[in-house]
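Asker: Structure, please.
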Amino acid sequence: MNTELFNQYQSNPSIELRNQIVEDYLFMVDILIRKYLGKGVDYDDLYQVGALALVSAVERFDVSKKVISFPSQFIL
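Answerer: Numbers count the residues shown, from 1 in each chain. Have a look, this model is predicted:
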């Protein structure tokens with residue numbers, strides 16, 4: 001986890017920093033949604049919802065808690 005980037009974002013929230021963090025962690029969305037494939041929902045729909053949840057997770061994340069899998073609870 002890039003705590004330096006999160007610290008920068010928390011001290012000075014900007015869309016650019018948030019988007020950079022989201023792009024760095026989009027791989028987690030892909031990993032987490034794979035277990036839901038084949039259950040009636042398209043991959044693209046799952047990925048889109050997961051990506052939006054990741055944005056929410058980044059905005060709410062508290063660096064002081066030091067949780068490595070921060071977006072999991074939001075994505076699932």
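Asker: rest of the way, CA atoms for contacts and neighbours
Answerer: Will do.
Asker: Closest to the centroid, which residue in the protein?
Answerer: Leu54 (2.7 Å; Cα atoms, centre = their mean).
Asker: any idea how far that residue is from Lys65?
Answerer: According to Cα to Cα, to the nearest Å, Leu54 and Lys65 sit 17 Å apart.
Asker: Over to Ser14?
Answerer: Applying Cα to Cα, the value for Ser14 to Lys65 is 21 Å.
Asker: which one of those two has more residues nearby?
Answerer: Neighbours were counted for Ser14 and for Lys65 using other Cα atoms under 10 Å; Ser14 has more, 11 against 8.
Asker: Could you give the backbone dihedrals for that one?
Answerer: When read as degrees, to the nearest 10, the backbone of Ser14 gives phi -140, psi 150.
Asker: That one and Ile21, how far apart?
Answerer: 11 Å.
Asker: So for stretch 35-45, what gets flagged as buried?
Answerer: Residues of stretch 35-45 classed as buried: none (neighbour count, 16 or more other Cα atoms under 10 Å).
Asker: for stretch 15-28, same thing?
Answerer: Buried residues in stretch 15-28 (16+ other Cα under 10 Å): Leu17, Arg18, Ile21, Val22, Tyr25, Leu26, Met28.
Asker: got a list of contacts for that stretch?
Answerer: Stretch 15-28 has contacts (Cα atoms under 8 Å, 6 or more residues apart in numbering) with Leu5, Phe6, Gln8, Tyr9, Ala51, Leu54, Val55, Val58, Glu59, Pro71, Ser72.
Asker: tell me the SS of Leu52?
Answerer: helix (DSSP: H, G, I helix; E, B strand; the rest coil).
Asker: what number of residues lie near it?
Answerer: Counted with other Cα under 10 Å, Leu52 comes out at 14.
Asker: Now do it against Glu59, distance only.
Answerer: 11 Å.
Asker: Which residue ranges of the protein form helices?
Answerer: 3-11, 15-33, 43-60, 72-75 (DSSP state H).
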